[in-house]
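Novice: only the shape, not the letters, is given here:
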Ligand SMILES: Nc1ncnc2c1ncn2[C@@H]1O[C@H](COP(=O)(O)OP(=O)(O)OP(=O)(O)O)[C@@H](O)[C@H]1O
């Protein structure tokens, strides 16, 4: 459904280089040699910190931007050359923008979408009825789009993106700003169209709840380069994120220090009354640490917190962990051992 091979997108940006009047130009490689493939029916998360190159990738996939180099095929088509043909096979939702007509009732916006995509009236009626039911559009179909709440508008945008029954749906932050109930509606809907209709979905989001709930596979991009391609569980295992032991002692005391030949030195990193938080190195055996703790302190209660996906990603984005990527990714000089420094990202041309 998507084939990206060594895709690069560079922007030329003006910079001041010292004195007031001295200006230069910098080439910014927003996407820097990205390669991946998405099979029909997959639900893939596309993650990365702010400015990593996610939206730029999505704009290239949808034909809005043309890649500076590399090969890109979406539904078998070159997106920038076959933009109109691709539009018939692709649905796109940008959470921060709407494709609906602001002053028209939602129903009329959706009718216009039918005409734009030249959907047959009978097929449109069936699809419209199905999407209205799944997204619960009925109560606000006759409300002008500008009067819709964010959650209602997003449901309208999803319907507009899917009315022509595309094979591939590309979503850029579809749950941004939604409350928990609206998020759940959108997530349930996406899960259903992926499972029941086999629609392939590429989802960009900073909401890790979306990712944990929906995506079996994630791609992580950082500084324009693909840093990880694989499952969420493998990602957790790969980075070996630290676990945290929360110990409740019989009485408040100074920060715990454990020094043991088996696991080395562990110091409490937070103390709150009788509670103390100890970060366990990934190699440490939790049972050994708990036994050492119980020998030296009167312990009332213990909790062990595994690193959540949020901790794992925060560590990756900060550069605490070495990145890994599958060996079959076509890195020219082998995979990067860590995220490149910012200066490598920009190369001065003038
Ligand atoms: N039209 C443009 N001209 C110059 N630089 C651009 C342009 N569009 C994006 N960039 C730069 O490219 C880099 C990647 O931007 P992009 O919008 O793809 O990031 P992102 O991963 O989507 O970030 P966010 O999570 O904040 O939306 C950023 O440094 C951004 O400033």
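Specialist: Yep, it's here. Remember, it's a predicted structure, so these values are computed and weren't measured experimentally.
Novice: near the ligand, which residues of the stretch 101-250 of the chain are found?
Specialist: For the stretch 101-250 of the chain, no residue is in contact with the ligand (CB under 6 Å from any ligand atom). To be clear about C-beta, it is placed using only N, CA and C from the backbone, and glycine gets the same treatment.
Novice: now the strands: where do they sit in the stretch 101-250 of the chain?
Specialist: Under the criterion DSSP state E, counting those that start in this stretch, strands of the stretch 101-250 of the chain are mapped to 168-172, 200-204, 217-222, 225-231, 243-249.
Novice: what residues of stretch 180-188 count as buried?
Specialist: Buried residues in stretch 180-188, counted by 16 or more other CB atoms under 10 Å: 182, 183, 185, 186, 187.
Novice: repeat for stretch 68-88
Specialist: Applying 16+ other CB under 10 Å to stretch 68-88 flags 70, 72, 73, 74, 75, 77, 78, 79, 82, 86, 87 as buried.
Novice: what of stretch 260-269?
Specialist: In stretch 260-269, counting by 16+ other CB under 10 Å, buried: 260, 263, 266, 268.
Novice: pLDDT on stretch 295-312, on average?
Specialist: For stretch 295-312, the mean per-residue pLDDT is 83.
Novice: do me a favour and get the end-to-end distance for that stretch?
Specialist: 32 Å (CA to CA, to the nearest Å).
Novice: now do the buried residues in it.
Specialist: So, applying 16+ other CB under 10 Å, buried residues of stretch 295-312: 297, 299, 307, 309, 311, 312.
Novice: just the closest of these to the ligand, please.
Specialist: The ligand lies nearest to residue 309 out of the buried residues of stretch 295-312, by CB to the nearest ligand atom, at 16.9 Å.
Novice: ok, now which ones touch that closest one?
Specialist: Residues near residue 309 by CB atoms under 8 Å, 6 or more residues apart in numbering: 208, 211, 212, 232, 235, 236.
Novice: which one is the residue positioned nearest the centre of the chain nearest to, not counting chain neighbours?
Specialist: Closest residue to the average C-alpha location of the chain: residue 47 at 3.0 Å, with CA atoms, centre = their mean. With CB to CB, 6 or more residues apart in numbering as the criterion, residue 47 has its nearest non-adjacent residue at 5.0 Å, and that residue is residue 220.
Novice: any idea how far residue 44 is from that neighbour?
Specialist: 11 Å (CB to CB, to the nearest Å).
Novice: let me see the mean pLDDT of stretch 233-252.
Specialist: Mean predicted confidence for stretch 233-252 is 80.
Novice: swap that for stretch 71-88, sorry
Specialist: 93.
Novice: and what of stretch 137-148?
Specialist: The average pLDDT within stretch 137-148 is 94.
Novice: what's it in contact with?
Specialist: So stretch 137-148 is contacted by 98, 100-107, 109, 131-132, 152-153, 155-156, 159 (CB under 8 Å, 6+ apart).
Novice: just the buried subset of those, written out for PyMOL, thanks.
Specialist: The PyMOL selection below is limited to those of those classed as buried (16+ other CB under 10 Å):
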select buried, resi 98+100+101+105+106+109+131+132+152+153+155+156+159
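Novice: how many neighbours does the residue of the stretch 101-250 of the chain found nearest the ligand have?
Specialist: Here the stretch 101-250 of the chain gets closest to the ligand at one residue, residue 206, 6.5 Å apart by CB to the nearest ligand atom. Residues lying near residue 206 (other CB atoms under 10 Å) number 15.
Novice: need the helix or strand of the protein with the lowest average pLDDT.
Specialist: Every helix and strand of the chain was ranked by mean pLDDT, DSSP states H and E. The lowest is strand 346-348, at a mean of 30.
Novice: can you list the strands of the stretch 101-250 of the chain in a markdown table and add mean neighbour count and distance to residue 65?
Specialist: Formatted as a markdown table, these follow (neighbours: other CB atoms under 10 Å; distance: least, CB to CB, whole Å):
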| stretch | mean neighbour count | distance to residue 65 |
| --- | --- | --- |
| strand 168-172 | 23 | 13 |
| strand 200-204 | 24 | 15 |
| strand 217-222 | 22 | 15 |
| strand 225-231 | 21 | 18 |
| strand 243-249 | 18 | 42 |
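Novice: sec struct for residue 36, please.
Specialist: Three-state assignment for residue 36 (DSSP: H, G, I helix; E, B strand; the rest coil): strand.
Novice: ok so, going back, could you tell me which of the contacts of stretch 137-148 belong to helices?
Specialist: 106, 107, 109, 131, 132, 152, 153, 155, 156, 159 (DSSP state H).
Novice: good, wrapping up.
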